[in-house]
Structures are given as C-alpha cells and as structure tokens.
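Q: build me a model from this:
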Amino acid sequence: MLMLLPGGGLGMNPTMDDMNLIQAQRHLVRDIGEEIDLEIGPGDDDPSFANTPLLGGPSQEPSAEEQGESKQMSMVSEIPNADQDILKAQPAKRKKKVVKRWREEWADTYKWAYVDVKEGTARIFCSVCKEYGRKHRRNPYGNEGSRNMQMSALEEHNNSLLHKEALRLQMASKDKIVVDKPIYVKALMSKTAGSIIEAALKRDPHEAEFIQSVQEAVHALERVIAKNPHYVNIMERLLEPERMIIFRVPWVDDRGETHVNRGFRVHFNQALGPCRGGVRFHPKMNLSVAKFLGFQQTLKNALSPYKLGGAAGGSDFDPKGKSDNEIMRFCQSFMNEIYRYFGTDKDLPSEEMGVGIREMGFLFGQYRRLAGNFQGSFTGPRIFWSGSSLRTEATAYGLVTNIHLCSIVFFARLILAELNKDVKGLRCVVSGYGKIAMHVLEKLVAVGALPITVSDSKGYLVDEDGFDYMKISFLRDLKSQQRSLRDYSKTYARSKYYDEAKPWNERCDFAIPCGSQNEIDQADAINLVNSGCRILVEGSNMPCTPEAVDVLKKANVIIAPAMAAGAGGVVAGEIELNHECNVMHWSPEDFESKLQVRFTCVFVELCEAMKQTFHRALKAADDFGYQKESPEALLHGAVISAFLTIAQAMTDQGCV
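A: Numbering: from 1, shown residues only. Below you'll find the model as predicted:
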C-alpha cells in the first residue's frame with residue numbers, strides 16, 4: 001500500500017527500515033558503533049506521551065499524530081492535481097531523521113538505556129521505568145532529532161521524580177526475600193518422632209532455621225522417645241517458647257533521618273532457671289533465627305554445670321558502617337522496649353554476632369538508667385565500669401571475655417585424646433574473621449596446632465606455613481583498619497586469597513567453622529572429607545546443613561556440636577558474675593598479681609566443666625546404644641543429656 005511520506009513524497013512505510021535494525025522489542029544496543037535510525041518523538045505538548053502509563057508496555061492504539069497523518073492523506077487525495085503540484089513545490093516541514101553511531105562515551109554513560117520501537121518509531125528508553133527521551137523546548141545540542149538530543153532528554157528524565165520513584169520500587173523488589181528452597185525433611189524411623197516434626201512444620205512452616213534445629217534434636221532423641229512416649233508431650237511443650245517479644249526499634253542517624261528496625265527476644269525455656277542468651281545485630285536476623293538460637297542456647301545451658309534457662313534475640317540492624325553515635329542511639333532505643341524483661345532473676349543478655357564491647361556498653365548504660373540500679377549487669381565488658389583506667393584492665397578484659405573461647409579448642413583436644421592423638425602439628429581449617437575465629441586461631445597456636453585459613457564474606461585466605469602470633473596480630477590490624485584479607489598476601493608471599501570460595505577444600509586434619517549457620521553445605525562436606533578432615537568442632541551454632549551432616553556421618557567424621565563445645569561460654573559468663581564484686585575492690589598495686597591468680601582459677605574451673613560436659617555427652621550416648629567411636633556419639637549424646645535434664649525439671653514443675 002502506498003502512503004505519503006512525512007516529507008511529502010510517496011514510498012514504502014519508513015518504519016520498516018527501523019524495524020529491520022532492531023531485533024526485538026526492548027532490545028539492548030550491545031555493539032558499539034552499530035548504526036541505527038532514530039526519529040525524535042512527540043514533545044511535551046503531545047497528549048499521547050502524557051497518557052502513557054509509567055510501567056506499562058507500548059500502546060497499541062494509534063497516536064494523535066498518526067490519526068492526523070491518516071486524515072491528511074485522505075484530504076490530499078481529494079485535492080485537484082494542480083493544487084497537489086503547488087504543494088509539492090513548496091518547502092514542506094520534514095521531521096529530521098539522522099543516523100548516528102552508538103559511540104563509546106554514550107555506551108559507558110548511558111548503560112541504563114536501550115532502543116525500542118514506540119508507535120512505529122525507534123526511540124531510546126529508560127530501562128528502569130520504560131519511558132523514553134522527550135523533546136526539549138530548548139535545544140542545547142544542535143540537531144533536534146540527533147542522538148545527543150535524545151540522550152539529553154533521557155538524562156533529564158533520569159533526574160526526574162518519576163524515574164527516582166520507579167528506581168526505588170525496583171530496588172525494593174530486589175530486596176524481597178523469596179523462599180524458593182523447600183525445607184529439607186529427613187526420614188525418621190519412628191512415626192512418633194516424626195509426628196513432632198510434622199507438628200512443628202504445620203505450626204511454623206516458613207521458619208527454616210528453627211525447623212532445621214528441631215529436626216537435629218528430634219533425630220538425636222529418636223531412641224529416647226521410643227523408650228518413653230511420655231517425652232513426646234514434653235518435647236511438644238519445649239518446642240513452643242515461653243515468650244516471644246517482637247517490637248520496633250526507631251532511631252535517628254547522624255543526618256537527622258529516621259529509621260526503624262525490628263527487635264526480637266525469645267525466652268525459650270526457664271524450667272532450670274533464669275534465661276541467659278546472646279543478642280545478635282545482623283541484617284538477616286528474624287524470628288526464625290531468634291527461635292533457633294534460643295532453642296540451641298536452652299540445650300547448651302542445660303548441658304553446662306550451671307542450671308540456666310535459654311534465650312536469644314537481637315535485631316535486623318546492621319552495625320557495619322554506622323558511627324558510634326548512631327549505634328548508641330539504636331542501642332538505647334532497643335533497650336527502651338526490652339529492659340523490663342531483663343534482670344538477674346529474669347534474663348541477662350550476652351554478646352553475639354554484631355554485638356561487642358561497644359554495643360554491650362551502650363545497652364547496659366541505658367538499662368541501668370531505666371532500671372534505676374546497677375543490678376543485673378550483662379555478661380561481657382563490666383570490668384571497664386569499675387572506675388579504673390589501668391591498661392592492665394583492658395588486657396584483663398580481653399582475657400575475661402574470651403577465656404571461654406579456649407573451650408572450643410580444649411574440646412577438640414579431649415576428642416583427640418580419646419583417639420590417642422595429640423593436637424601438635426595437626427593442620428586445622430578455620431572459617432570466619434570475627435572475634436571467635438581470631439581467638440580460636442590464638443588458642444590453636446598456643447597448643448601447637450597449625451591453623452592455616454580464615455575467611456570473610458568474599459572469600460578465604462590460606463597460609464601454607466600456618467599462622468603464628470605475629471601473623472594473627474597482623475590480621476587484627478587489617479580488621480581494625482577495615483582492610484581486605486587480600487592485603488595479607490602482599491606481606492606474606494606464601495599465602496593466597498581465593499575470591500568467592502570457601503576453605504573446606506584445603507588439606508586438613510580437623511576443622512572449626514566459626515562463621516554463621518549453614519555455612520557448610522553438601523558440596524563443602526564432600527570437600528572436607530576428601531581433604532582428610534576427621535573431626536569437625538562447631539565454633540558457631542548449626543554451621544552444617546542437614547545434607548552436610550549426612551555426608552560427614554557416612555564418612556565417619558566426628559562432629560562436636562556447638563552446644564557441647566561452646567558450653568564453656570556459659571561457664572565463663574557465670575564465673576564472671578560470681579567474681580565481679582571482688583574485681584571492683586582490687587587496688588592498682590596488687591591488681592596484676594590477683595588477676596593472674598583469678599584467671600588461673602577460672603581456667604581450671606573451665607577445664608573441669610568442659611571435661612564433665614564431654615563425659616556426660618558420651619555417657620548419655622552410650623546409655624542409648626551409641627558407641628563412643630561412632631560419629632554420632634557426641635552429636636546425639638549432647639542433645640540427649642541436655643533434654644533429659646530439662647524434661648525432668650518440666651515434669652517436676654507440672655504443666656506450666
């Protein structure tokens with residue numbers, strides 16, 4: 001069909017040329033230097049542009065301009081031939097059509113732009129809100145229909161409020177957590193035990209971390225429940241926390257902008273005594289994680305010599321990149337809501353991921369202010385609040401708060417002693433780069449082991465010569481200066497940093513994961529087995545996925561659960577509370593000598609407590625048919641021993 005060209009001549013539809021140059025709608029212009037035809041689109045006064053939806057696709061209805069052109073064609077056909085010759089002779093207004101190259105500077109500057117067909121015309125679009133560059137009333141770049149003109153219009157749109165709102169919505173949609181991985185449910189031999197997991201799944205189907213921890217416990221207790229069905233009812237009550245507190249935490253940053261986070265505190269069980277448990281500040285903190293941590297802490301406290309209840313909590317607040325004043329304001333707002341549930345006979349919080357000396361100090365300061373007394377001081381940095389500014393106290397604080405971390409290494413030594421092996425010279429793979437991981441490195445060096453790795457969220461560092469005290473000090477300097485682990489290799493040539501990788505494929509004799517939950521998956525477990533690992537001591541809570549645990553069990557890798565290996569933290573915290581009043585009255589002259597005596601006593605008491613925990617777990621496993629050489633002995637024995645202690649208290653206290 002013949003039609004009138006915009007310039008007044010006859011020919012084929014000009015949009016066919018444009019369509020041949022574009023492979024599909026919304027096709028990105030990928031090749032620099034590719035030639036495309038572009039025409040300037042409707043201007044600000046065109047109603048078709050104003051009526052285009054923000055996020056809609058290209059309209060199928062003809063525009064006002066196209067309708068006008070069709071009317072003009074019908075009118076031209078009715079004009080006499082003589083008059084048509086006059087019209088052809090006159091200079092007609094022609095849309096300027098230019099051919100430009102997608103130059104290199106445009107490709108770099110406008111990466112968010114793409115070429116598409118709109119109403120039969122090739123235009124440059126915004127990839128965020130799907131709008132195209134509009135015609136300027138003023139033309140700062142010369143040709144009205146040039147590529148520069150289109151880009152200038154699109155740049156103007158890119159700074160508009162509509163574009164920024166579309167960009168905000170797009171970023172918000174990316175941050176949504178989509179649960180696309182189903183919860184892995186293991187098969188159970190006993191239908192009675194399986195009913196416990198089914199009930200938990202029915203009640204909390206989306207709490208993946210909590211369901212995983214429940215499955216681990218029920219699998220360990222399968223033989224216990226089979227011998228005494230009464231424990232089914234106890235387990236069902238135990239798996240429902242006594243109290244779950246969810247609250248908002250509003251705070252103001254240094255620029256005066258208001259933010260709001262969500263706070264959690266779960267009092268899981270207090271049958272044995274007042275709650276103890278950590279406070280975690282991390283962006284991925286949620287109710288499921290709080291319940292999983294509270295459940296694990298309940299079993300850990302029951303396994304320790306001190307009979308305590310279990311709790312956990314925190315917030316999805318991220319302390320990274322925040323100033324001291326911002327963290328102080330957040331901690332004060334957090335404590336404003338939760339302080340009424342804290343106290344010596346109620347609940348005492350301790351440090352966890354994202355919460356250190358600074359955060360615990362701010363939390364305790366606000367608690368003391370609101371409670372109106374100095375009772376119920378939190379486990380952690382209290383030695384700084386005695387009023388003394390001695391440098392030895394700072395050193396003492398490091399020993400007091402972290403002496404329990406040697407319990408993880410001490411537990412590994414107990415396992416090796418049962419196997420008639422010595423820890424000296426054994427290669428150890430450690431994950432993490434935080435407080436726990438760094439102190440575990442120090443303890444490993446102290447006992448003669450050879451730690452060879454640390455890791456962060458971006459990869460891991462391996463030093464084939466092993467870390468020593470000087471290298472660990474250098475790692476601490478890197479962390480304090482917020483430098484990358486990659487910088488370590490610039491000083492120590494025998495080391496190497498691997499991006500986007502985990503340390504579990506390095507040759508080792510035993511491993512201590514000190515990162516976060518589920519950091520070891522099935523593939524990582526296979527790598528550990530192939531690397532020669534025979535013992536895994538959990539430095540963090542639930543570091544292995546269920547699939548990884550199955551792989552390690554089949555390979556006869558001994559797993560020391562965190563509730564047993566980390567029970568020293570409970571012991572150290574209680575020792576601190578019992579000795580605190582004595583520390584307050586020490587004079588500067590005899591502080592150092594008495595401090596050494598104190599830590600010697602603490603260490604002896606801690607080692608004795610860890611030995612008791614170790615043998616209690618093995619005895620409980622043996623009572624229910626697990627041989628001590630079995631990889632399941634410690635893993636199941638620790639859960640059995642802790643559960644029986646709690647179950648007895650819950651039975652004695654009735655249905656409460």
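Q: which parts of this protein belong to which domain?
A: Domains of the chain are assigned by the TED database as 98-175, 241-386, 398-582.
Q: which of those has the lowest mean pLDDT?
A: Per-stretch averages of pLDDT across the domains of the chain put domain 98-175 at the bottom, with a mean of 56.
Q: who's in contact with Asn530?
A: Asn505 (Cβ atoms under 8 Å, 6 or more residues apart in numbering). Any C-beta I mention is one placed from the backbone N, CA and C, and that applies to glycine too.
Q: for it, give its distance to Val551.
A: As defined by Cβ to Cβ, to the nearest Å, Asn530 lies at a distance of 11 Å from Val551.
Q: each with direction, which strands does the top strand by length along the chain pair with?
A: Taking DSSP state E as the assignment, the strand of the chain that covers the most residues is strand 258-269. According to DSSP bridges, strand 258-269 has the following sheet partners: strand 243-252 (antiparallel), strand 309-315 (antiparallel).
Q: can you put the ones you listed in a markdown table and add distance to Arg494 and mean neighbour count?
A: Below are the strands paired with strand 258-269 laid out as a markdown table (distance: least, Cβ to Cβ, whole Å; neighbours: other Cβ atoms under 10 Å):
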| stretch | distance to Arg494 | mean neighbour count |
| --- | --- | --- |
| strand 243-252 | 46 | 15 |
| strand 309-315 | 39 | 30 |
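Q: could you export stretch 279-290 as PDB, CA atoms only?
A: Output for stretch 279-290, consisting of C-alpha atoms alone and laid out as PDB, is shown next (Å, rounded to 0.1, in the frame of the first residue of the first chain):
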ATOM      1  CA  VAL A 279      22.000 -10.500  71.300                       C
ATOM      2  CA  ARG A 280      22.700 -10.500  67.600                       C
ATOM      3  CA  PHE A 281      22.600  -7.500  65.300                       C
ATOM      4  CA  HIS A 282      22.600  -8.600  61.700                       C
ATOM      5  CA  PRO A 283      20.500  -7.700  58.600                       C
ATOM      6  CA  LYS A 284      19.300 -11.300  58.300                       C
ATOM      7  CA  MET A 285      18.100 -11.600  61.900                       C
ATOM      8  CA  ASN A 286      14.400 -12.600  62.100                       C
ATOM      9  CA  LEU A 287      12.100 -14.600  64.300                       C
ATOM     10  CA  SER A 288      13.100 -17.900  62.900                       C
ATOM     11  CA  VAL A 289      16.800 -17.200  63.700                       C
ATOM     12  CA  ALA A 290      15.900 -15.900  67.200                       C
END
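Q: ok, and what's touching it?
A: Under the contact criterion Cβ under 8 Å, 6+ apart, stretch 279-290 has outside partners 204, 206-210, 244, 246, 262, 264-266, 293, 312-319, 349-355, 359, 363, 517.
Q: try it again at 7 Å.
A: Contacting residues not belonging to stretch 279-290 are listed as 207-210, 246, 264, 266, 293, 312-319, 349, 352-355, 359 [Cβ atoms under 7 Å, 6 or more residues apart in numbering].
Q: one more: stretch 642-652?
A: Under the criterion Cβ under 7 Å, 6+ apart, residues 221, 224, 231, 234, 237-238, 269, 271-272, 299, 302-303, 563 lie in contact with stretch 642-652.
Q: list the buried ones in that stretch?
A: By neighbour count with 16 or more other Cβ atoms under 10 Å, stretch 642-652 contains the buried residues Ala642, Phe643, Leu644, Thr645, Ile646, Ala647, Ala649, Met650.
Q: now stretch 525-539
A: Of the residues in stretch 525-539, those buried under the neighbour-count criterion (16+ other Cβ under 10 Å) are 525-529, 531, 533-539.
Q: among those, which ones are in strands?
A: With strands identified by DSSP E, the entries of those that belong to them are Ile535, Leu536, Val537.
Q: Cys533 contacts Ile558, correct?
A: No: in terms of Cβ atoms under 7 Å, Cys533 does not count as a neighbour of Ile558; the distance is 9.9 Å.
Q: and stretch 495-513, what's buried?
A: 495, 497-498, 502-506, 508-513.
Q: output it as CSV - backbone C-alpha positions only.
A: The C-alpha atoms that make up stretch 495-513 are tabulated as CSV, following Å, rounded to 0.1, in the frame of the first residue of the first chain:
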residue,chain,number,x,y,z
SER,A,495,49.7,-17.1,51.3
LYS,A,496,46.9,-16.7,48.8
TYR,A,497,43.4,-15.3,48.8
TYR,A,498,40.7,-17.0,46.9
ASP,A,499,37.6,-15.0,45.8
GLU,A,500,34.1,-16.4,46.1
ALA,A,501,35.4,-19.6,47.6
LYS,A,502,35.3,-21.5,51.0
PRO,A,503,38.3,-23.0,52.8
TRP,A,504,36.8,-26.5,53.1
ASN,A,505,38.9,-28.0,50.2
GLU,A,506,42.2,-27.3,51.9
ARG,A,507,44.1,-30.3,53.2
CYS,A,508,43.4,-30.6,57.0
ASP,A,509,43.2,-32.9,60.0
PHE,A,510,40.3,-31.1,61.6
ALA,A,511,38.0,-28.1,61.0
ILE,A,512,36.4,-25.4,63.2
PRO,A,513,33.7,-23.4,61.4
